[in-house]
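Asks: Pasting a predicted model and its sequence here:
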Amino acid sequence: MILTDVLGSRVTSSDGRYLGRVADARFVLDQPPPGQLLAGARLLGLIVSPHSAGSFMGYERNSVNRPWPWAQLLKWWHRGSFLVLWEDIEVMGPETVTLREGFSAYDPGLDGTGTA
Amino acid sequence: MKRLLGVALGILTAIGGFVDIGDLVTNAVVGSRFGMSLIWVVGVGVVGICLFADMSGRVAAVSGRATFEVIRERLGPRAGLANLGASFFINLMTVTAEVGGIALALQLVTSIHYLLWIPLAAFAVWLVIWRVRFKIMENVAGLLGLCLVVFGVALFLLQPDWGQLAGQALSPAVPQTENAAVYWFYAVGLFGAAMTPYEVFFFSSGAVEEGWKRKDLIQSRINVLAGFPLGGLLSVAIAGCAAVVLMPAGVEVTSLSQIVLPVADAGGKLALAFALVGILAATFGAALETTLSSGYTLAQFFGWSWGKFRSPGRAARFHLSMIVCLLVALGVLATGADPILITEYSVVFSAVALPLTYLPILIVANDPQYMGSDVNSRGINVAANVYLLIILAASLGAIPLMIVTGAGA
């Protein structure tokens, strides 16, 4: 499975309720494991957006709010979106992603400029 | 002193490089049919291209990224690919029109049929792109393009009724012989001709080619803010000549010889010679820019190494894609399709595709992670938003107007 297969998939809760679509995947860079030089990117979780599976165009970063009104429009477009951790995913694809019962929804925003 | 010369050279290049076959044809057609009553559109277009070029040049200089790298990063691969498809198609149409323009200009000089000149024109474009250094290429074409000033001289020699021309320009109205839909169709075309997307691809990629840094921003601003408006005046002069000579005679512009007719009328053989050199330089320069732009957009989207600062062997796919584009243009022209007609369609489609590249640049020019402290100022954002509305209106209106008016017939 590649990322393209996942992006845009339907996301449902364990009781089959529709939650949104996969809009993005969030990765973290860990310290490299002992004996290796490079850190691999680890999938932290998926961004689920209830209204649109389109790109955030960079406005997932909380500090970016220009130019008016496009920043506001794109943030509104993705209102109600949340980050769900990899551990909370019960079934992954092909067409649908099902979340575990009692999953936690995290704020999808990134602080700062997104580099830190 | 050297810096002053650099600034002067930059401005002159921008003036000469502003006009291409799209501006030549559209302005002459509009002048011959509407007099000066559509000339305000040139002004709107010039301010727009200044704004757009300033933003994309600043993004390129500060972040080191050219337009299509930014578009792919922001829109993601799928939406980016749709964007690339539209932009590339229109750019290819413009390449075809410019190569055809070179051949038409050579036909005027030599009386040899333009179809015979087309292979040579395409070959010459390729050879220059392959061999000649970026800076020299840009400056020579731009400076020779300054010969188009002869259109301005001709306008004075024709001793027109200035009051009447000014009246048409300042209180624009649809002439009685034309209907409103056709008027607005040509307004969109003229806007598309002034704000062709390739100018921005070329401008921002050129900034990377020449290794612009933050400190070069002032010079680039001067080049844009002085050069493009003066280039716009050349467009106005072309339309003016057509309005004075062709409109009263009832000539509808369908060929390059009609565009230069007022110049020959006013200044004789010498003026005509200048006009022909200017047209040849303008179309040749624009053929170089559009061909390079097709390579730039493809290479930037797919992440190939690109640029004339690399030897062709080190940017093989970039150069190969440009050769293929020139061959496609050659093939289209070989069918006998009229280059003037291709030009008229290309400026309208340019207007259609404009928002696709404009919005991503506007967004990135506001992103502090790329731009640091050089993000758009509030004033620029207000102007940029006003222009976004104009661009959207032109883009959405273009195709319906084209259908309603039968492409301005």
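Replies: Happy to help now that I have it. Numbering: from 1, shown residues only, chains lettered A, B, ... in the order given.
Asks: Tell me where chain A has strands.
Replies: A:10-12, A:18-29, A:41-49, A:82-85, A:89-92, A:96-99, A:105-106 (DSSP state E).
Asks: next SSE after the helix or strand where residue B:330 lies?
Replies: For residue B:330, the host element (DSSP states H and E) is helix B:316-334. Using DSSP H and E, the next helix or strand after helix B:316-334 towards the C-terminus is helix B:339-364.
Asks: gap between whatever helix or strand comes next after that following helix and the chain center?
Replies: Toward the C-terminus, helix B:339-364 is succeeded by helix B:368-371 as the next helix or strand (DSSP H and E). Relative to its chain's centre, helix B:368-371 lies at 29 Å (CA atoms, centre = their mean, to the nearest Å).
Asks: List the buried residues in helix B:368-371.
Replies: B:369-371 (16 or more other CB atoms under 10 Å in any protein chain shown). Yep, even glycine has a C-beta here, placed from its N, CA and C like the rest.
Asks: that older thread, in PDB, list the C-alpha atoms belonging to the helix holding residue B:330.
Replies: C-alpha atoms of helix B:316-334 as PDB (Å, rounded to 0.1, in the frame of the first residue of the first chain):
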ATOM      1  CA  ALA B 316      19.400  16.100 -20.200                       C
ATOM      2  CA  ARG B 317      15.600  15.700 -19.700                       C
ATOM      3  CA  PHE B 318      15.200  19.500 -19.500                       C
ATOM      4  CA  HIS B 319      16.800  19.900 -22.900                       C
ATOM      5  CA  LEU B 320      15.100  16.900 -24.400                       C
ATOM      6  CA  SER B 321      11.700  18.100 -23.400                       C
ATOM      7  CA  MET B 322      12.300  21.400 -25.000                       C
ATOM      8  CA  ILE B 323      13.400  19.700 -28.300                       C
ATOM      9  CA  VAL B 324      10.200  17.700 -28.200                       C
ATOM     10  CA  CYS B 325       8.100  20.800 -27.600                       C
ATOM     11  CA  LEU B 326       9.800  22.500 -30.600                       C
ATOM     12  CA  LEU B 327       9.100  19.500 -32.800                       C
ATOM     13  CA  VAL B 328       5.500  19.500 -31.700                       C
ATOM     14  CA  ALA B 329       5.200  23.200 -32.600                       C
ATOM     15  CA  LEU B 330       6.800  22.400 -35.900                       C
ATOM     16  CA  GLY B 331       4.300  19.700 -36.500                       C
ATOM     17  CA  VAL B 332       1.300  21.900 -35.700                       C
ATOM     18  CA  LEU B 333       2.600  24.700 -38.000                       C
ATOM     19  CA  ALA B 334       3.400  22.200 -40.800                       C
END
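Asks: Give me the angle between that helix and helix B:339-364.
Replies: 150 degrees (axes from the mean of the first three to the mean of the last three CA atoms, to 10 degrees).
Asks: Against which helices or strands is helix B:316-334 packed?
Replies: Helix B:316-334 is packed against helix B:67-110, helix B:114-131, helix B:256-302, with contacts defined by 3 or more CB pairs under 8 Å, 6 or more residues apart in numbering or on different chains; DSSP states H and E.
Asks: picking that back up, export the strands of chain A as CSV, with columns for mean pLDDT.
Replies: What follows is the strands of chain A, written out as CSV (pLDDT from 0 to 100):
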stretch, mean pLDDT
strand A:10-12, 92
strand A:18-29, 90
strand A:41-49, 90
strand A:82-85, 92
strand A:89-92, 89
strand A:96-99, 90
strand A:105-106, 88
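Asks: can you tell me which of those strands comes nearest to residue B:132?
Replies: strand A:41-49 (43.1 Å; CB to CB).
Asks: So the residue of the stretch 51-200 of chain B found nearest chain A versus residue B:336, what's the distance?
Replies: Nearest to chain A in the stretch 51-200 of chain B, going by CB to the nearest CB, is residue B:76, at a distance of 4.6 Å. As judged by CB to CB, to the nearest Å, residue B:76 and residue B:336 stand 41 Å apart.
Asks: Show the pLDDT at the residue of the stretch 51-200 of chain B closest to chain A.
Replies: On pLDDT, residue B:76 comes in at 79.
Asks: count of neighbours near the closest residue to it other than its chain neighbours?
Replies: Spatial nearest neighbour of residue B:76, chain neighbours left out: residue A:55 (4.6 Å); criterion: CB to CB, 6 or more residues apart in numbering or on different chains. When neighbours are counted by other CB atoms under 10 Å in any protein chain shown, residue A:55 registers 21.
Asks: cool, and residue B:114?
Replies: Residue B:114 is flanked by 21 other residues according to other CB under 10 Å.
Asks: and what of the one 4 residues further on?
Replies: The number of residues packed around residue B:118, counting by other CB under 10 Å, is 24.
Asks: isn't it right next to residue B:98, touching?
Replies: No - using CB atoms under 8 Å, residue B:118 makes no contact with residue B:98, being 11.5 Å away.
Asks: which of residue B:76 and residue B:336 has more neighbours?
Replies: Neighbours per residue, other CB under 10 Å: of residue B:76 and residue B:336, the larger number sits with residue B:76, 16 against 7.
Asks: Any figure for the gap between that one and residue A:7?
Replies: With CB to CB as the criterion, residue B:76 and residue A:7 are 9 Å apart.
Asks: Check residue A:78 too.
Replies: 14 Å.
Asks: List the beta-bridge partners for the most centrally placed residue in chain A.
Replies: The structure's chain A has its C-alpha centroid closest to residue A:47; by CA atoms, centre = their mean the separation is 1.7 Å. Residues in a beta bridge with residue A:47, per DSSP bridges, are residue A:24, residue A:83.
Asks: Touching, it and residue A:107? I think so.
Replies: No - if you go by CB under 8 Å, residue A:47 and residue A:107 don't touch, sitting 10.7 Å apart.
Asks: wait, is residue B:173 part of a strand?
Replies: No - counting by DSSP: H, G, I helix; E, B strand; the rest coil, residue B:173 is not part of a strand but coil.
Asks: residues contacting it?
Replies: By CB atoms under 8 Å, 6 or more residues apart in numbering or on different chains, residue B:173 lies in contact with residue B:37.
Asks: Can you pull the phi and psi angles for it?
Replies: phi -150, psi 150 (degrees, to the nearest 10).
Asks: Repeat that for the one 10 residues further on.
Replies: Backbone geometry at residue B:183, expressed as degrees, to the nearest 10, gives phi -60, psi -50.
Asks: Am I right that it is in contact with residue B:174?
Replies: Yes - counting by CB under 8 Å, residue B:174 is a contact partner of residue B:183 at 4.5 Å.
Asks: Who has more neighbours out of these two?
Replies: Using other CB under 10 Å as the criterion, residue B:183 and residue B:174 rank with residue B:183 on top: 21 against 15.
Asks: Now residue 81. Nearest residue, chain neighbours left out?
Replies: In the absence of a named chain, this looks at chain A. Here the residue nearest residue A:81, using CB to CB, 6+ apart, is residue A:49, at 3.9 Å.
Asks: should've been chain B
Replies: Residue B:81's closest residue in space is residue B:301 (CB to CB, 6+ apart), at 7.4 Å.
Asks: check contacts around residue B:180.
Replies: Per CB under 8 Å, 6+ apart, neighbours of residue B:180: residue B:174.
Asks: From residue B:173, how far off is it?
Replies: Taking CB to CB, one finds residue B:180 at 10 Å from residue B:173.
Asks: how about the residues of chain A near chain B?
Replies: A:54-55, A:57-58, A:61, A:63-64, A:66-71, A:113-115 (CB under 8 Å from any CB of the partner chain).
Asks: Among those, which pair sits farthest apart?
Replies: A:69 and A:115 (25.9 Å).
Asks: buried set for the helix or strand bottoming out on mean pLDDT in chain B?
Replies: Taking mean pLDDT, DSSP states H and E as the measure, helix B:2-18 is the helix or strand of chain B with the lowest mean score, a mean of 79. Neighbour counts over helix B:2-18 (16+ other CB under 10 Å) mark B:9-18 as buried.
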